[in-house]
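> got a sequence here, can you build the structure:
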Amino acid sequence: MEDFDYYYEMLVNVNSKTEQVVFNDRLEKMYTLKRFNDNIIDKILAYREPKSCVNILLRDEVGNSQVTVTESWSFKRKFKIKSQAAAKPISAKANPQRFEVRLGRETYSIVKSDDSIRIVYKDNQKVLESRIKRKGLSLNHYIKIYNQEIDTKLAIACLHTFIIAY
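Below you'll find the predicted structure:
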């Protein structure tokens, strides 16, 4: 097993609406991640192109909604993020190599270094790393936190969105 702070398994089928349980390093349930459709058009578009209309809901261990990431309809991929920690919605932009979120003066960037590694930077400083290992029909995600000051829930929800979208 890897050296990790958080771990979860995800089905290879990125269009799956199955809830993914996120565990800590002691394998205690911390969060759940679930893909959802905002409306019938989202559902049709996601069925035709599974990497489109990516909407993610992160809940805590008792089921309370903590972070919601929804994709806005536009030619450039844009996402709206609602977090319990933020007073107003946050916007994010993305391309196949980078997912970028601005929180006040801070910039969080999720960068795809190869097919199995995603790194989160806060103002160009590495704060989190995700390693993905395929095991049968699932993808095992191992997340290592390098800076405890980051909003872990927000980072995991955005990271999961980026992995599904690209």
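> so who does the nearest residue to Ala165 once chain neighbours are set aside touch?
Computed as CB to CB, 6 or more residues apart in numbering, the closest residue to Ala165 that is not its neighbour in sequence is Val54, at 4.6 Å. The way it works is simple: take the backbone N, C-alpha and C, and place the C-beta from them, glycine included. By CB atoms under 8 Å, 6 or more residues apart in numbering, the residues touching Val54 are 35, 46, 69, 71, 79, 161, 164-165.
> at 10 Å what do you get?
14-15, 35-36, 42, 46, 69-71, 77, 79, 94, 160-166 (CB atoms under 10 Å, 6 or more residues apart in numbering).
> what is the rounded mean pLDDT of the longest strand anywhere in the chain?
The longest strand of the chain (DSSP state E) is strand 125-135. Here strand 125-135 scores 94 as its mean pLDDT.
> quick one: Ala157 is in a strand?
No - Ala157: not assigned to a strand; according to DSSP: H, G, I helix; E, B strand; the rest coil it is helix.
> hang on, it packs against Leu33?
Yes - counting by CB atoms under 10 Å, Ala157 does reach Leu33; the two are 7.0 Å apart.
> hey, what's in contact with both of these two?
Common neighbours of Ala157 and Leu33 (CB under 10 Å, 6+ apart) are 22, 56-58, 67, 69.
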